[in-house]
Structure formats: structure tokens, C-alpha cells
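Visitor: with the input below, show me the fold.
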Amino acid sequence: MKRLLDCTATDFAQMGGRALVQAIKASEGRVVLSEVIGAFQPLYPPGASNAEVAAAFGADMVLLNFFDLFQPLIQGIETERPEEIVTRLKRLIGRPVGVNLEPVDPSAKALEQLVTLPEGRTPTKKTLEKVIKLGFDFICLTGNPKTGVTKEQITRAVRLSREVLGADMLIIAGKMHGAGVAGESSEDIFSQNAVQSFIEAGADIILLPAPGTVPGITAAALQEQIASLALHKCSW
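Guide: So this is what the prediction gives:
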């Protein structure tokens with residue numbers, strides 16, 4: 001097994017989720033994942049998508065945000081068959097490509113006015129089946145600002161995703177900010193119980209906010225959390 005940093009496009013084309021997890025582990029924390037929004041006009045038009053720019057500048061993995069699984073679209077990539085747009089992107093950049101799905105909690109106590117998401121951006125049985133059909137290599141269960149995503153719903157979404165996608169799909173789960181939910185901001189974004197529930201539900205990688213990006217999230221607090229993760233079967 002190669003570390004991800006040594007992999008080529010041919011390696012990735014033959015690589016399943018378990019092999020991808022191992023390749024990430026072998027890279028010892030040096031994998032760069034870039035989140036891009038293909039639904040918006042590319043930063044460098046014409047003829048190059050944001051994902052291609054990210055890969056050109058060194059991204060080892062690419063994560064599509066604001067991607068509607070029922071209306072596949074990546075600005076900067078032309079295709080007559082939208083259902084093939086993800087596989088076309090993978091051929092263009094030679095990197096693993098994933099998608100954000102947002103487990104919205106309808107009962108969440110909002111801190112601000114929340115937005116309404118289309119089903120194609122949320123984790124349901126139908127959308128998860130589209131993940132496979134479109135050819136994604138991994139998924140990330142998290143929340144954008146103002147979406148009402150909660151830790152509890154993320155846990156449920158991880159469990160459903162594992163059931164629908166099977167044991168080989170790479171699943172990332174966690175929050176980088178409160179997503180507009182009361183009681184889940186600052187240091188309340190993560191807790192040992194929440195992280196444990198993500199792992200037990202089937203998450204491979206735990207998403208945590210970077211130090212200083214959210215009030216109360218310090219390097220020391222994250223170091224403690226990461227040290228506890230090392231005791232479990234989790235990649236990051």
C-alpha cells in the first residue's frame with residue numbers, strides 16, 4: 001500500500017475506501033484536502049473549475065460543497081451528461097473527490113434565521129444512493145453556516161450512510177462551527193461523547209475546527225481531543 005502522497009491517478013482509480021483510509025494514515029498528517037464550491041463561477045475563468053485550480057496548487061483530495069446530487073453541476077466543466085460530471089472531474093484532476101452532505105435537524109434551536117436546503121444536499125437514502133452512482137470516493141457529513149445541522153443528526157447520518165454505502169466508503173463527520181444552532185458553538189461544537197458517537201456509528205475521519213477559527217477552540221483543547229481519538233479506530 002502506498003501513502004497517499006505517492007499515489008497517481010491510476011492508483012486512485014483502483015482504490016476503494018479502506019485503501020484510501022490506509023493511504024491517508026501512511027501519509028502521517030500531511031494530506032491536504034481542499035473544499036471547493038463548484039456551484040459558483042470559477043475563480044479563474046474560463047476553462048478551469050475551482051477543483052482543477054485547487055488540485056494544481058497542491059490539493060491531495062477535493063471536497064465539493066454546495067453540490068446538489070439531484071442536479072449535478074460543476075461550473076467550469078462542460079458535459080452533455082450531468083450524471084458523468086464527477087467521473088469527468090476525477091479524470092481531469094487525478095485526485096479522490098468527495099461531497100458534503102448536511103444532516104439538518106428540524107428540531108434544532110436556531111441562533112439565527114436558518115436556510116432551507118434542497119434534498120440533494122442532505123443525507124437521505126435517495127441521495128446516498130446517488131453518491132455511489134455519481135462516483136464519489138468519500139462523503140463529509142457536516143454543516144454550512146445557517147443550516148441547522150446538529151451533532152445528533154450527524155450521528156444518525158453516519159449510521160444511515162454506512163448502511164447505504166457499505167463498509168468500504170470513506171466517511172468524514174463533524175462540525176467546524178455552530179451551523180446556526182444554539183448550544184453547539186465555541187467549545188460546544190465537539191465533545192467526547194459526540195465524537196465517540198460518530199466513531200461508533202461508522203465514521204472514519206473526525207472533522208474538528210482549526211485552532212482560532214471559532215471562539216474557545218484552542219490548540220490545547222484540540223490536542224486533548226486528538227489524543228483521545230488516538231485510542232479509537234479513527235483516522236484523524
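
Visitor: I'd say Ile74 and Pro42 touch.
Guide: No - between Ile74 and Pro42 there is no contact under Cβ atoms under 8 Å: 9.1 Å. Heads up, the C-betas are built off the backbone N, CA and C, glycines and all.

Visitor: the two: who's more crowded?
Guide: Applying other Cβ atoms under 10 Å to Ile74 and Pro42 shows that Ile74 carries more neighbours, namely 25 against 20.

Visitor: ok, back up a step: shared neighbours, Ile74 and Pro42?
Guide: Ser49 (Cβ atoms under 8 Å, 6 or more residues apart in numbering).

Visitor: in the lengthiest helix in the chain, what's buried?
Guide: Longest helix in the chain, counting residues (DSSP state H): helix 151-165. Of the residues in helix 151-165, 151, 153-162, 164-165 count as buried by neighbour count, 16 or more other Cβ atoms under 10 Å.

Visitor: check contacts around Thr116.
Guide: So Thr116 contacts nothing (Cβ under 8 Å, 6+ apart).

Visitor: if I look at it, how far off is Ala110?
Guide: Computed as Cβ to Cβ, to the nearest Å, the Thr116 to Ala110 distance reads 12 Å.

Visitor: do the same with Ile226
Guide: Counting by Cβ to Cβ, the gap from Ile226 to Ala110 is 30 Å.

Visitor: in space, what's closest to the residue nearest to the spatial centre of the chain - neighbours in sequence excluded?
Guide: Geometric centre of the chain, nearest residue: Cys140, 2.4 Å, by Cα atoms, centre = their mean. Nearest residue to Cys140 in three dimensions, chain neighbours excluded: Ile172, at 4.1 Å (Cβ to Cβ, 6 or more residues apart in numbering).

Visitor: could you verify that the one you found is part of a strand?
Guide: Yes - using DSSP: H, G, I helix; E, B strand; the rest coil, the assignment for Ile172 is a strand.

Visitor: could you give the bridge partners of it?
Guide: Under DSSP bridges, the beta-bridge partners of Ile172 are Cys140, Ile205.
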